[in-house]
Structure formats: C-alpha cells, structure tokens
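Chemist: I would like the atomic coordinates for the input below:
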Amino acid sequence: MTLGTDSAPRPDSRPDIRETDREALSARTRVGLWVVLVAIAAFTLADLKLVQHDLPSMLLVRVVQLALIGAASLALRVRMSERLRAASMVAFVSGLYVTSAIAGSLRGGMTTQPITGLAIAFATATTLPWGPWPQLVSVTVAALAIALGDYAVHGTLAGASPHMTAGLGVAFLVSVYIAQQLERYRRERDAAEAAVRRNEERFRSLIEHGSDVITILDAEGVIRYESPSVERLLDRRAESLLGEKASRYVHPDDLQAVAAAFGRALDGHAASVECRIPRRDGSWCDVEAVFTNLLDHPAVGGIVVNWRDIGERKRAEEERARYVHDLARARDQALASTRAKSMFLANVSHEVRTPMNVIIGMTDMVLDTELASEQRANLERVRAAAIGLLAIINDILDASKIEAGKMTVEAVDMDLRRTIEEAAGLLVSAATAKGLALTCMIAPDVPAQLMGDPVRVRQTLVNLVGNAVKFTDAGAITVEARVLRRASSHVVVRVSVTDTGIGVPPERQAGLFESFAQGDDSTTRVYGGTGLGLAICRQLVTLMGGHMGVESQPGRGSTFWFELTMKCRTTGADAVAA
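Modeler: Take a look at the predicted model:
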C-alpha cells in the first residue's frame with residue numbers, strides 16, 4: 001500500500017458526483033433549456049407567418065414542446081437518482097425530436113428537419129453529462145422521427161437522398177462519439193478531483209490532529225500560515241497569529257538562539273532549536289523547532305517551521321537526571337558505609353587479635369607446668385578454641401583490608417620452591433593426625449629464584465592445604481607446582497592442591513570463592529569455618545596478578561589451583577654476562 005496517492009478508478013466505475021458538481025451540471029442544462037426555449041419561440045413566430053393551414057395544430061405542437069421544456073426544468077430541481085434523471089432527459093430530448101418532426105410534417109416540408117435534429121444532437125452531446133448510451137437512444141429516436149415525418153409528407157422514402165441519409169447517420173454517430181469522449185473526460189476529471197480532495201482531506205486531518213505544529217514564515221519572520229493544531233497546544237486560534245512577527249512569541253532568553261536558527265535556515269541550511277513560547281494563559285511551553293527553507297518552492301514560498309511540545313520529554317529527562325543523581329549519592333553513601341565498616345572491622349580485628357595472642361601464650365605457659373589431667377585437657381581445649389578464634393579474626397582482618405583497599409602485595413626476591421615446601425610442611429602434622437598422606441611435587445623446571453610476595457603465596461597455599469586436610473577423611477593430599485609457560489623475563493607457574501575428600505557439586509563451584517560461602521549448609525555444621533578462606537585466597541591471587549579455579553567431583557575429591565606470572569630474578573652471573 002502506498003500512502004499519499006490514490007489509485008485511479010476502473011474505467012467502468014463512476015465516481016460520486018458532489019453537490020457542487022451536480023449544481024454545475026444542472027446550471028449548464030438549464031442554459032441549454034433556455035436556448036431551446038428561445039429557438040422554439042423563434043420557430044413559433046415563424047410558424048405564424050409561414051403556416052397557413054393547420055395553424056392550431058402547429059401551435060399545439062409548440063405548446064407541447066414548451067410543456068416538455070417546463071417538465072425538464074422541473075426535473076432538474078427535483079432530487080432524484082442519476083439514472084432516473086438521465087432517463088427523464090432522454091425522454092425530454094426524444095420528445096423534442098418527435099415534436100419537431102411533427103411540426104415539419106404540418107408545414108408540409110422536412111427539408112430543415114435534419115438540420116434541426118443535428119443541432120439538437122450536438123447540443124445534447126456537448127451539454128448533457130449522460131454519456132454515449134442515452135445519446136445513442138436519443139439520436140435513434142431523431143432518425144426514426146425524421147424518417148417518419150418524411151414518409152408522412154411524401155408518402156414514400158424513395159425520394160430521400162442516399163448522400164443526405166449517410167451524412168445524417170454519420171453526424172448522429174459523431175455526436176454519440178463526442179458524448180462518449182466528453183463523458184470519459186468528465187469521469188477521469190472527477191476521479192482526479194476526488195483523489196485530490198481525499199489527499200487534501202487526509203493532509204488537512206494530519207495537520208489539524210498531528211502532534212507537530214506547522215508554521216510558515218516569510219523572509220522577514222512574519223507568520224503567513226499556522227496549522228490549526230496550534231490551538232490545542234497554545235490555546236490560540238491560528239487566524240489570530242497570521243501577520244504577526246514570530247519573534248513576538250518567543251521567550252526573551254531564547255530569542256538569540258531562535259534568530260541564529262532562522263538565519264541558518266535563510267542561508268539554506270536545516271536548523272533546529274529548543275525554545276519557549278507562551279500559552280494564552282501566560283504559562284510557557286517548551287518546544288523543539290526545525291527550520292526548513294522553502295522560499296523558492298512555488299507552492300510554499302516561505303520558511304517552514306515544524307515544532308512540537310517537548311515539555312513531557314524535558315520533565316522526563318529532569319526526573320531521570322534527579323534519579324541518576326540520587327542513585328549516585330546513594331552509591332557513594334553505600335561505598336562510604338562499606339569502607340567505614342571495613343575500617344571498623346579491621347580495627348576491631350586488630351584490637352582483638354592482640355589479647356588473643358596473649359591468651360594463647362599464657363595458656364602455653366600454664367601447659368608447661370605440672371597440671372592434673374583434667375586441668376590439662378581443659379586448657380588444651382581453651383588453647384584450641386583460641387587458635388580457631390584467632391584464625392577467624394585473621395580472616396576477617398584480611399577480608400576487611402582487601403575490601404577497604406588496604407591490602408598490598410610485594411614483589412621481592414623469593415625462593416618459590418622453599419616457600420611451597422614450608423607451606424606444606426606446616427600442615428604435615430595435621431594431615432598425619434588424620435591418617436592422610438601429604439606429598440609435595442615440584443617440577444624440576446620450576447625456578448627457585450623469582451620475584452613475588454612469599455607471605456601471600458604462603459598464606460594462599462596454607463589455606464588451600466588446610467581446607468584439603470579439613471575436608472578429607474581418608475586418602476592423600478598432593479601439592480604440585482609446574483611451569484605452564486616460560487619467557488626470557490618471566491614464567492607462568494601453576495600451583496595446585498589435590499585431595500580425595502568430599503568434593504564439591506558443579507552447581508556450587510561458582511560460589512565457592514564468594515565471601516561467607518561453602519559447599520552447602522551441612523559443611524559448616526560438620527567441618528566449621530567462616531567461608532572466608534577461599535574468597536581471601538582468590539582476592540590475594542588477583543592482587544598478585546594471577547587467577548584461581550577449582551575442579552571437583554562429589555565424593556571423588558577436588559583440585560584447587562592458582563596461576564601466577566612471576567618475573568625471573570637476574571643472578572649475578574647473568575648480570576656480568578649481560
């Protein structure tokens with residue numbers, strides 16, 4: 001479907017005739033009736049001089065013709081269907097043909113009758129909007145009337161000239177052709193006019209009911225056209241704005257911007273501007289206007305301004321800006337609160353850790369003295385609880401430091417092989433107590449001398465091995481280190497801890513490295529812990545520029561690994577060689 005155009009009607013379709021068109025056709029037909037009336041009046045005067053016998057009959061014929069004219073005039077004034085109107089006009093014209101033939105026979109001569117018939121035929125073909133078929137019917141009646149009148153005068157048709165008969169027939173057919181062509185022309189014209197009217201009505205409706213207002217200014221900025229939709233936006237009638245300077249209806253603070261946009265439009269460039277224009281009640285309407293130069297367009301001849309109310313959009317933008325501002329302020333408050341909480345936890349953890357170390361130290365001193373068995377068992381339980389509490393405090397302190405951005409890592413000379421062995425050695429006694437075999441496998445190509453943070457590497461590895469010991473009841477634990485990639489200045493080392501413990505279901509593996517997360521709730525009840533250890537490990541590894549992961553199957557154990565990119569330390573021999 002194509003918008004903005006109308007398809008031409010089919011040749012056999014007849015568009016509806018508007019009231020104005022019907023009045024124009026009726027007026028043209030009335031002119032024709034007046035012409036016929038004048039002609040019959042002239043014929044009547046001639047009959048008074050030429051007709052000696054049967055003058056009353058001749059006058060009667062003229063009266064009948066005048067009656068036909070009156071009936072035809074009345075029919076034009078009565079509202080009826082087009083088909084009935086055409087039939088009445090065919091009857092009227094046929095009556096003229098017949099009465100004219102009768103008048104000729106009463107005069108005793110049919111010489112002028114063909115001329116009269118042709119005059120009527122061409123008059124009806126050019127004045128009556130009835131098409132070829134009514135014209136054909138009427139000229140057929142005319143031909144029969146002429147033939148019968150000639151027969152009534154001469155008693156035979158043998159005296160009729162063949163050339164006259166042929167010429168008369170051709171002339172009648174030409175009148176039919178003229179009627180057909182004029183009807184076709186009128187039909188196409190009516191269809192085109194109907195299409196134009198529909199397009200005009202469509203665009204008028206769009207202009208009147210559209211959200212945009214269309215204003216046309218001349219080169220001086222005077223309003224020459226205003227679309228009716230302006231009344232809906234500003235409560236002003238379009239007619240009241242015509243002839244006014246457009247600048248009169250612009251907020252003083254926006255005049256400069258509007259004048260600049262108008263100037264760009266005069267230079268032939270499309271321009272847009274946001275401004276305020278007054279409503280009738282004195283309030284201001286925020287609008288966006290687009291200027292287009294159509295001064296050279298013959299149908300427009302002005303600067304076209306398309307403008308629309310953007311008040312709702314501006315209010316929505318302001319509301320969004322306020323929302324974003326409030327959201328940013330809430331985010332800043334939340335971050336500040338988080339930092340304050342982290343600092344509070346770090347300070348509290350630090351303050352609590354000092355007396356906990358005193359408790360553990362004093363407990364160890366008491367355990368070195370002579371004690372009853374029951375006293376020793378109670379103190380050992382106190383010592384174990386204090387050590388567990390200190391581990392929790394250390395985890396909280398580390399987590400708070402990391403969250404507060406206070407945790408730092410170093411890049412110093414370190415012996416990676418020794419660091420791994422020391423970390424594993426710290427947990428040998430705990431593994432042996434549970435009947436577990438703890439082995440350490442370091443590939444020969446792992447360099448001993450690297451640059452890194454031995455404290456954080458040891459802390460991470462101790463946490464992973466400690467978890468492996470905690471969650472493994474039988475089997476073995478293996479600590480392995482190997483080189484994944486090697487370059488002249490650095491190596492990528494992968495350190496993994498593999499156990500034969502309870503394992504972790506696949507759906508819970510992604511949450512293992514989140515704070516306060518463990519495999520499931522039963523894990524906490526059975527094995528204890530805060531769930532901070534793995535989160536701290538991943539954050540420490542991330543701070544050292546590496547990454548961490550897990551591979552596990554429930555009931556078959558787990559492998560926790562981390563990869564670090566570590567710079568190679570230049571030895572003294574290497575420096576001399578360089």
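Chemist: rest of the way, CA atoms for contacts and neighbours
Modeler: Noted.
Chemist: what about Val290, which SS state?
Modeler: Using DSSP: H, G, I helix; E, B strand; the rest coil, the secondary structure recorded for Val290 is strand.
Chemist: where does it land on pLDDT?
Modeler: The score at Val290 is 94. That number is its pLDDT.
Chemist: Just give the number of residues close to it.
Modeler: The number of residues packed near Val290 is 19, by other C-alpha atoms under 10 Å.
Chemist: Now the helix or strand where Thr559 lies - C-alpha only, PDB.
Modeler: Using DSSP states H and E, Thr559 falls within strand 557-568. Extracted in PDB, the C-alpha atoms of strand 557-568 (Å, rounded to 0.1, in the frame of the first residue of the first chain):
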ATOM      1  CA  GLY A 557      37.900 -35.100  45.700                       C
ATOM      2  CA  SER A 558      38.900 -31.700  44.500                       C
ATOM      3  CA  THR A 559      41.800 -29.800  42.900                       C
ATOM      4  CA  PHE A 560      42.200 -26.200  43.800                       C
ATOM      5  CA  TRP A 561      44.800 -24.300  41.700                       C
ATOM      6  CA  PHE A 562      46.100 -20.900  41.100                       C
ATOM      7  CA  GLU A 563      48.400 -19.500  38.400                       C
ATOM      8  CA  LEU A 564      50.900 -16.700  38.800                       C
ATOM      9  CA  THR A 565      53.000 -14.800  36.400                       C
ATOM     10  CA  MET A 566      56.300 -14.200  38.100                       C
ATOM     11  CA  LYS A 567      59.400 -12.300  37.000                       C
ATOM     12  CA  CYS A 568      62.600 -14.200  36.900                       C
END
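Chemist: Mind checking the pLDDT average for it?
Modeler: The average pLDDT within strand 557-568 is 91.
Chemist: Give the pairing partners of that strand; include direction for each.
Modeler: Taking DSSP bridges as the criterion, strand 557-568 sits next to strand 449-452 (antiparallel), strand 490-499 (antiparallel), strand 547-553 (antiparallel) in its sheet.
Chemist: Make TSV from those strands and add mean pLDDT, distance to Gly221 and mean neighbour count to it.
Modeler: Output for those, formatted as TSV (pLDDT from 0 to 100; distance: least, C-alpha to C-alpha, whole Å; neighbours: other C-alpha atoms under 10 Å):
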stretch	mean pLDDT	distance to Gly221	mean neighbour count
strand 449-452	90	76	21
strand 490-499	93	74	21
strand 547-553	89	69	17
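Chemist: Same list (these) but as JSON lines, adding distance to Gln113.
Modeler: As requested, the strands paired with strand 557-568 are exported to JSON lines (distance: least, C-alpha to C-alpha, whole Å):
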{"stretch": "strand 449-452", "distance to Gln113": "129"}
{"stretch": "strand 490-499", "distance to Gln113": "122"}
{"stretch": "strand 547-553", "distance to Gln113": "117"}
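Chemist: Of all those, which one is nearest Ala27?
Modeler: The closest of these to Ala27 is strand 547-553. By C-alpha to C-alpha, the value is 97.7 Å.
Chemist: how many neighbours does the nearest residue to Leu416 once chain neighbours are set aside have?
Modeler: Counting by C-alpha to C-alpha, 6 or more residues apart in numbering, Leu416 lies nearest to Ala448, which is 5.2 Å off, once chain neighbours are set aside. Neighbour count of Ala448, defined by other C-alpha under 10 Å: 16.
Chemist: How about the one 5 residues further on?
Modeler: By the criterion of other C-alpha under 10 Å, Asp453 has 18 neighbours.
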